[in-house]
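Student: Kindly return the folded structure for what I paste below:
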Amino acid sequence: MAELKPYRVLIVDDKKDVCDLLAVVLRVLGYPSVAAYSVPQALQILDQPNDIQIVITDLALPEVDGYYLVEELAKRPNHPPIITLTAYSSLESAVRALRLGAFDYLIKPFDQETVRIAMDRAVRYLQQLHSEEEARQEEERYRHLFEESMDPILVADTAGQITDANRRACELLGYRKAQLTTMTVRDLQLPESFWARVPELAEGREVEIEVDLSAQQGKTLILQLRIKRFIYRGKEYYQAIGRDVTAQRVAEAMRQDMIGMLVHDLRSPLTVIMSGIETLRLLHERGQSEAVIDTFLEVATHSGRRMLRLTNTMLDFYRLEEGGFPLQLTPLALPNVVQEMMPEFSALSAYQEVRLENRVSPDLPLVMADQDLLDRVLGNLLDNAIKFSPRDGTVTISATVDEEPGFVTVSVADQGAGIAPRDRDQLFQKFSQIRPEGSRRRGTGLGLAFCKLAVEAQGGRIWLESPAEGGSVFRFTVPTVYPLTGEGDGGPQR
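Tutor: Predicted coordinates for the structure are as follows:
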C-alpha cells in the first residue's frame, strides 16, 4: 500500500459497496477518503471546516442528483476538482457534467488504473493552482513592498523605456505613473556620469551612483541610486532604487557657505577693531579731541560685541533649537533695555552714516524676558537694519502694547531695499542666507533663525512686514508682567 498523500477525497454515492470499493482503490493509491451517501450529506461535509481536496461523485443519485452537486460546487471559489462516475452507456451525462463544471469523469465499472490516471490529473491540477497562487501572493507581496517603499523606485527595460514607478518616485518627480511609463530614462536628463556606468549594468554588475535628476517644473533632485539588472517573465529589466539626498546636500552646501560667511563675519569686526586701535594710536599722537577718540572707541567696542554675539549665537543656537537653553526670565523695563543699547548702535549708525531713532514709549508695562536673549535679539535686528540701510537712511526702533492682551510688540524698521518676495518664506530658516534686494552682502544664515528661536522660547513670535514705500520692518512680541504703576514697581530691573 502506498504512503498516504495529502489529498483527501470525498466519495459521493448512494451505494455503500461502491463507496467501499472506491475507498479501497484510493487507499492502495495512497489517497485517504471519506464517504457521503447523498448530496445533502456531501454538502454538509463540505460546508464544515474540512481538508477535502478532490470530490468523486455519482451522477445518478436519488432525490438530489449529482448534477446539482457539480453545479453547486462550481459556483464556489477555489472549489475542489470534481470527478464524476457514469455508466459507459451514459457518456452524454458525463459531458453534461463537464459543462456544469466537473473536472473529469470515470466510467463504471472502473479499475485501479483508470482511477489512478484520473487522480493524477486532478493532483497535477491542484499543484498547478497552488504554484499559481504562490506566484500571485509573491507578486502581491512584491507589489506592496514596491508601492509602499519610502525610497523612489523606477523600472525600465533594456531600451530605456520606463515600465513602472512606485508612489514615492511619482511624488518626487512630480509625474503620475501613467505619465512616467510613457517616458524614457533619457527624458529625466541624467548626467554623463550615469551613462558612463551603463556598460557595467549590461555586464550584470550592480551600480551605485549619485545623480542630479530632472523633475517637473524645472526642479532638480539629488538621488543616490542603486541600479541592478533582473529578469521578469523571461525579459530583462533594470531597477533603480533611489534615496533622496537633496535636502542633505543643500544643507551641506549651506553649511559650507555658512562657514565661509562666519569667517568673513568674524574677520570684518576684527578688522574694524584692529584698524580702530591703529587709528586711536594715531589720534592720540596727534592730540585729537576726546570726542573723536570716543567715537572710534565705540565703533571698536561694537565690533568686539558683534564678534561676541556671533560666537554666542553659534554656541546657543542648537541648545535653543533642542529646547535645552536655560531661560532666566525676569521683569524688565523695555524702554531702559533699549536706551542702554543706544550708545553702541548710535556709534555704529554714525560710522555707517545712518540715522538711528529710538521711539520706544516710556509708558510701556514691564515685560517678562531673558535679559541676555532680549539684548541679542535686539542687537541682531539693529545690526542688520544698519548694515543694510543706505547712506543717509533711517533705522527706527519702537514698541507698543500689542492688540493681543499680555504682550508688547517691538519693531525695528529700516529704509533699505527690502527682502525679495521669493526669500520671505525661508527668512527665519536655519542657514538661509538672504540677500536684501540689490545687496551683495550676506550673513551666516543663523542670525534671524536665532532670533526666531529666542523670541519663541520666551513665549513671543517674530515676523517681517514689507511696507509699500519700501524697506523692512521686523516685529516681535514679548510677554508683559504688569503695567507700570509708579514707585511700587521699583524701576527697571537690569
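Student: Let me know how buried the nearest residue to Met183 once chain neighbours are set aside is, in neighbour terms.
Tutor: Excluding its sequence neighbours, the residue lying closest to Met183 (Cβ to Cβ, 6 or more residues apart in numbering) is Ile162, at 5.3 Å. For every residue, glycine as well, the C-beta is placed using N, CA and C. Counted with other Cβ atoms under 10 Å, the neighbours of Ile162 add up to 22.
Student: Wait, Ile162 touches Thr181, no?
Tutor: Yes. Assessed by Cβ atoms under 8 Å, Ile162 is found in contact with Thr181 at 5.6 Å.
Student: and the helix or strand hosting the residue nearest to Met183, which strands flank it?
Tutor: In the assignment (DSSP states H and E), Ile162 maps to strand 162-165. Strand 162-165 pairs in its sheet with strand 153-157 (antiparallel), by DSSP bridges.
Student: For the partner strand, give the mean pLDDT please.
Tutor: Here strand 153-157 scores 91 as its mean pLDDT.
Student: Mind listing what's buried along it?
Tutor: Residues Ile153, Leu154, Val155, Ala156 are the ones in strand 153-157 that count as buried (16 or more other Cβ atoms under 10 Å).
Student: could those go into TSV alongside distance to Ala240?
Tutor: Converted to TSV, those look like this (distance: Cβ to Cβ, whole Å):
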residue	distance to Ala240
Ile153	7
Leu154	5
Val155	8
Ala156	8
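Student: give me the beta-bridge partners of the residue nearest to Met183?
Tutor: Residues in beta-bridge contact with Ile162 (DSSP bridges): Ala156.
Student: Quick one: residues contacting it.
Tutor: Leu154, Val155, Ala156, Leu180, Thr181, Met183, Thr184, Val185 (Cβ atoms under 8 Å, 6 or more residues apart in numbering).
Student: if I look at it, how far off is Leu348?
Tutor: 59 Å (Cβ to Cβ, to the nearest Å).
Student: just so I have it, where are all the helices in the stretch 1-150 of the chain?
Tutor: Taking DSSP state H, counting those that start in this stretch to define them, one finds helices in the stretch 1-150 of the chain at 16-29, 39-47, 66-74, 91-100, 112-148.
Student: Most tightly packed of these?
Tutor: Comparing the helices of the stretch 1-150 of the chain by mean neighbour count (mean count of other Cβ atoms under 10 Å), helix 66-74 ranks first with a mean of 20.
Student: Okay, angle between that helix and helix 91-100 too, please.
Tutor: 20 degrees (axes from the mean of the first three to the mean of the last three Cα atoms, to 10 degrees).
Student: okay, the angle between helix 66-74 and helix 39-47?
Tutor: 20 degrees.
Student: bridging residues for Ile83?
Tutor: With DSSP bridges as the rule, Ile83 is bridged to Ile56, Asp104.
Student: re the thing from before, save the helices of the stretch 1-150 of the chain as a markdown table, and put in distance to Pro390 and mean pLDDT too.
Tutor: As requested, these are exported to a markdown table (distance: least, Cβ to Cβ, whole Å; pLDDT from 0 to 100):
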| stretch | distance to Pro390 | mean pLDDT |
| --- | --- | --- |
| helix 16-29 | 102 | 93 |
| helix 39-47 | 91 | 93 |
| helix 66-74 | 89 | 93 |
| helix 91-100 | 94 | 87 |
| helix 112-148 | 56 | 86 |
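Student: Redo those helices as CSV? Include distance to Pro362.
Tutor: Below are those laid out as CSV (distance: least, Cβ to Cβ, whole Å):
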stretch, distance to Pro362
helix 16-29, 107
helix 39-47, 92
helix 66-74, 95
helix 91-100, 101
helix 112-148, 63
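Student: Indicate which one of the ones you listed is closest to Arg8.
Tutor: Proximity to Arg8 (Cβ to Cβ) singles out helix 16-29 among the helices of the stretch 1-150 of the chain, at 9.6 Å.
Student: and the closest one, how far from the chain's centre?
Tutor: 64 Å (Cα atoms, centre = their mean, to the nearest Å).
Student: okay, it in CSV with CA atoms only?
Tutor: Only the C-alpha atoms of helix 16-29 are listed here, as CSV (Å, rounded to 0.1, in the frame of the first residue of the first chain):
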residue,chain,number,x,y,z
LYS,A,16,-22.2,1.6,0.1
ASP,A,17,-20.5,-1.2,-1.8
VAL,A,18,-19.4,1.3,-4.5
CYS,A,19,-18.1,3.7,-1.8
ASP,A,20,-16.2,0.9,0.0
LEU,A,21,-14.6,-0.4,-3.3
LEU,A,22,-13.5,3.1,-4.4
ALA,A,23,-12.2,3.8,-0.9
VAL,A,24,-10.0,0.6,-1.1
VAL,A,25,-8.7,1.5,-4.5
LEU,A,26,-7.9,5.0,-3.4
ARG,A,27,-6.2,3.7,-0.2
VAL,A,28,-4.0,1.4,-2.4
LEU,A,29,-3.0,4.5,-4.5
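Student: Give the buried residues for the strand holding Ile162.
Tutor: So, applying 16+ other Cβ under 10 Å, buried residues of strand 162-165: Ile162, Asp164, Ala165.
Student: Thought Asp157 was touching the second one, still the case?
Tutor: No. Assessed by Cβ under 8 Å, Asp164 is found out of contact with Asp157, at 10.0 Å.
Student: Would you mind identifying the next helix or strand past the longest strand seen in the chain?
Tutor: Ranked by residue count under DSSP state E, the longest strand found in the chain is strand 220-232. Moving toward the C-terminus from strand 220-232, the next helix or strand (DSSP H and E) is strand 235-244.
Student: and that following strand, what does it pack onto?
Tutor: Applying 3 or more Cβ pairs under 8 Å, 6 or more residues apart in numbering; DSSP states H and E, we find strand 235-244 packed against strand 153-157, helix 167-173, strand 220-232.
Student: Let me know which of these is the nearest to Lys5.
Tutor: strand 220-232 (33.6 Å).
Student: what about the helices in the stretch 251-400 of the chain?
Tutor: Assigned by DSSP H, counting those that start in this stretch, the helices in the stretch 251-400 of the chain fall at 290-321, 334-351, 371-387.
Student: tell me the most buried of the ones you listed?
Tutor: Most buried of the helices of the stretch 251-400 of the chain, by mean neighbour count (mean count of other Cβ under 10 Å): helix 371-387, with a mean of 22.
Student: How far off centre is it?
Tutor: With Cα atoms, centre = their mean, you get 35 Å for helix 371-387.
Student: which secondary structure elements does that helix contact?
Tutor: Against helix 371-387 (3+ Cβ pairs under 8 Å, 6+ apart) you get helix 290-321, strand 329-332, helix 334-351, strand 394-401, strand 407-413, helix 447-457, strand 473-479.
Student: Tell me the strands beside the fourth one, with direction?
Tutor: Looking back up the chat, that one is strand 394-401. Next to strand 394-401 in the sheet, as set by DSSP bridges, lie strand 355-360 (parallel), strand 407-413 (antiparallel).
Student: among these, which is the most enclosed?
Tutor: Taking mean count of other Cβ under 10 Å, strand 407-413 is the most buried of the strands paired with strand 394-401, at a mean of 21.
Student: got the angle between that one and helix 334-351?
Tutor: Between strand 407-413 and helix 334-351, the angle comes out at 10 degrees (the same axes, to 10 degrees).
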